[in-house]
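Trainee: Take a look and give me a structure for this.
(one chain, ligands or ions: 1)
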Amino acid sequence: MAKVNDNYLKLPGSYLFSTIARKVREYTEAHPEARIIRLGIGDVTQPLAEEIVDTLHKAVDEMGRAETFRGYAPDLGYDFLRNVIAKKDYGERGCDISADEIFISDGAKCDCGNIQEIFSLENRIAVCDPVYPVYVDSNVMAGRTGAYDPEKERFGNVIYLPCLEANGFLPEIPEEVPDLIYLCFPNNPTGAVMKRSALQEWVDYANKNHSVILFDAAYEAYITEEDVPHSIYECEGARTCAIEFRSFSKTAGFTGLRLGFTVIPKELEADGVKLHGLWARRHGTKYNGAPYIVQRAGEAVYSDRGREQIREQIAYYRGNAECILKGLRAAGYSVSGGVNAPYIWLKTPDHMTSWEFFDHLLEKANIVGTPGSGFGPGGEHYFRLTAFGSRENTLEAVERFKKL
Ligand code: MLT
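Mentor: Take a look at the predicted model:
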């Protein structure tokens, strides 16, 4: 008799963004006249930059000619893309990362979810609270956690690192030593950043305790301040304790195209085994490579024209973040994030729960955001807005907030 992986049954409810989509759909069906502004899921709205579109067209033409047609992509990624990433994302920032330490994929969400497969089920994970749900849920599915405690809203056998206003929304070194430490900075959902010296402390801690840091740098393109590292490899010693995830989604508008990569330095080991080889084995077995045309589009992101156009796009979203921050502050809200990140983290007014505020905002202002508690109990009484809307909608949303 076939049996299910009953670890899945430990997961309460549906995935956060699926629940939100369902609620918004129900509301829209009941109120077809409502002009909804969506600042919930971090999905980009600006069209792809011209340089990317031109490159995609060219690559499609190549695929249509026998002499330039390409079949399966190399499973770890095309050299043209791995080389340019090594040079521009890492070399130019003084990080020692070579092209063959970069694994191209169809996005950081899959990599963040899949990476736990190469580690023993005996490993104990540590996550920030609030946290991007993928890190926790993928470990639950694998059976690395205990049961869900509905009262505490936490899984057993997970070390939670509270990121609250009192600690500047930054995790503190825990009492118990975790084996795997998930860090995401600039942070989703709070928009907080870790300064270089703070990240260095985590790197030193991981090296001392033989832990591995799983560093999600999907939002690095939004950093504006000087002493905030774009990559964990800017910290000394990170090559022996850290894996980094990057995404083209928020950097270059690839949420619908799909492209990302994971960096695993060759000397990184767990239990005397090189992780680079394990991840390469996994890729070879379970993945057939991101499409050629998408990898060419990724390469175009690093061209002079591509970089210029993408800088403009990021500046546009940063401008949105600034509008939200200023507008909401003027309206009396307590807000943070938004300076080095596309997310604005606001305290719900009148001590409303995050979901109460979600309903209130949807019904009274027709604005969709993300309830902080959806990211963990540490997010209760908070609410996340994204800067990825159009400027027009962002300005309109701020006006609606003011009238609430
Ligand atoms: C978010 O809204 O948290 C992100 O868009 C989710 C993701 O990148 O998968």
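
Trainee: who in the stretch 1-150 of the chain is up against the ligand?
Mentor: Selection of the stretch 1-150 of the chain residues close to the ligand by CB under 6 Å from any ligand atom yields 41-43, 109, 132. The C-beta positions use only the backbone N, C-alpha and C, and glycine is treated the same way.

Trainee: Quick one: buried ones out of these?
Mentor: With burial judged by 16 or more other CB atoms under 10 Å, the buried subset of those is 41-42, 109, 132.

Trainee: Turn the residues you listed into a markdown table, columns for pLDDT.
Mentor: As requested, these are exported to a markdown table (pLDDT from 0 to 100):
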| residue | pLDDT |
| --- | --- |
| Ile41 | 90 |
| Gly42 | 87 |
| Lys109 | 96 |
| Tyr132 | 96 |
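
Trainee: Report the spatially nearest residue to the spatially most central residue of the chain, omitting neighbours in sequence.
Mentor: Centroid-nearest residue in the chain: Ala218, 4.7 Å away (criterion: CA atoms, centre = their mean). Excluding the flanking residues, the one nearest Ala218 by CB to CB, 6 or more residues apart in numbering is Ser247, at 4.1 Å.

Trainee: The one you found: what's it in contact with?
Mentor: 107-109, 218, 254, 259-260 (CB atoms under 8 Å, 6 or more residues apart in numbering).

Trainee: of those, closest to the ligand?
Mentor: The ligand lies nearest to Lys109 out of these, by CB to the nearest ligand atom, at 4.3 Å.

Trainee: you'd agree the closest one is in a strand?
Mentor: No: using DSSP: H, G, I helix; E, B strand; the rest coil, the assignment for Lys109 is helix, not a strand.

Trainee: can you put the contacts of Ser247 in a markdown table and add distance to Val24?
Mentor: Output for these, formatted as a markdown table (distance: CB to CB, whole Å):
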| residue | distance to Val24 |
| --- | --- |
| Gly107 | 23 |
| Ala108 | 25 |
| Lys109 | 21 |
| Ala218 | 24 |
| Phe254 | 24 |
| Leu259 | 27 |
| Gly260 | 27 |
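
Trainee: tell me the SS of the residue in the stretch 1-150 of the chain positioned nearest to the ligand?
Mentor: Minimum separation of the stretch 1-150 of the chain from the ligand (CB to the nearest ligand atom) falls at Gly42, amounting to 3.1 Å. What three-state DSSP gives for Gly42 is coil.

Trainee: ok, now which ones touch the closest residue to it other than its chain neighbours?
Mentor: Once flanking residues are discounted, Gly42 sits nearest to Thr386: 4.8 Å by CB to CB, 6+ apart. The contact partners of Thr386, taken as CB under 8 Å, 6+ apart, are 39-43, 342-344, 370.

Trainee: so how far is the ligand from Thr386?
Mentor: Thr386 sits 7 Å away from the ligand, going by CB to the nearest ligand atom, to the nearest Å.

Trainee: now that residue, which residues is it bridged with?
Mentor: Tyr343 (DSSP bridges).

Trainee: pLDDT at it, what is it?
Mentor: With respect to pLDDT, Thr386 scores 97.

Trainee: got it, and the one 5 residues further on?
Mentor: Per-residue confidence (pLDDT) for Arg391: 97.

Trainee: Mind jotting down where the helices sit in the stretch 101-250 of the chain?
Mentor: Secondary structure of the stretch 101-250 of the chain (DSSP state H, counting those that start in this stretch): helices located at 108-114, 133-142, 196-209, 249-252.

Trainee: Would you mind finding the most buried of those helices?
Mentor: Among the helices of the stretch 101-250 of the chain, helix 249-252 has the highest mean neighbour count (mean count of other CB atoms under 10 Å), at a mean of 24.

Trainee: and that one, what does it pack onto?
Mentor: helix 304-330 (3 or more CB pairs under 8 Å, 6 or more residues apart in numbering; DSSP states H and E).

Trainee: The helix it packs on packs against which elements?
Mentor: Going by 3+ CB pairs under 8 Å, 6+ apart, helix 304-330 lies up against helix 50-63, helix 249-252, strand 335-337, strand 343-347, helix 391-403.

Trainee: cutoff 7 Å now
Mentor: Helices and strands touching helix 304-330, by 3 or more CB pairs under 7 Å, 6 or more residues apart in numbering; DSSP states H and E, are helix 50-63, strand 335-337, strand 343-347, helix 391-403.

Trainee: Direction included, what does the shortest one pair up with?
Mentor: Each strand that pairs with strand 335-337, with its direction, by DSSP bridges: strand 343-347 (antiparallel).

Trainee: Tell me what angle the strand it pairs with forms with helix 304-330.
Mentor: For strand 343-347 against helix 304-330, the angle by axes from the mean of the first three to the mean of the last three CA atoms, to 10 degrees is 10 degrees.

Trainee: Would you mind listing the outside residues contacting strand 343-347?
Mentor: Identification of contacts with strand 343-347 by CB atoms under 7 Å, 6 or more residues apart in numbering yields 42, 188-191, 321, 324-325, 328, 333-338, 381-387.

Trainee: I'd like the distance between the residue nearest to the centre of the chain and Lys266.
Mentor: Going from Ala218 to Lys266 by CB to CB, to the nearest Å gives 23 Å.

Trainee: now Phe17
Mentor: 36 Å.

Trainee: before we move on, what about Asp75?
Mentor: Distance from Asp75 to Lys266, by CB to CB: 17 Å.

Trainee: Who has more neighbours out of these two?
Mentor: Remark: of Asp75 and Lys266, Asp75 carries more neighbours, 17 against 13, as counted by other CB atoms under 10 Å.

Trainee: show me the contacts for Arg239.
Mentor: 96, 233, 265, 267-268.

Trainee: typo on my end, it should be Gly260
Mentor: 105-108, 111, 245-248.

Trainee: Columns distance to Thr224 and pLDDT on top of those residues, output as JSON lines?
Mentor: Output for the contacts of Gly260, formatted as JSON lines (distance: CB to CB, whole Å; pLDDT from 0 to 100):
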{"residue": "Ser105", "distance to Thr224": "27", "pLDDT": "97"}
{"residue": "Asp106", "distance to Thr224": "29", "pLDDT": "96"}
{"residue": "Gly107", "distance to Thr224": "24", "pLDDT": "96"}
{"residue": "Ala108", "distance to Thr224": "21", "pLDDT": "96"}
{"residue": "Asp111", "distance to Thr224": "26", "pLDDT": "98"}
{"residue": "Phe245", "distance to Thr224": "21", "pLDDT": "98"}
{"residue": "Arg246", "distance to Thr224": "18", "pLDDT": "98"}
{"residue": "Ser247", "distance to Thr224": "19", "pLDDT": "98"}
{"residue": "Phe248", "distance to Thr224": "20", "pLDDT": "98"}
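
Trainee: Appreciated, that's everything.
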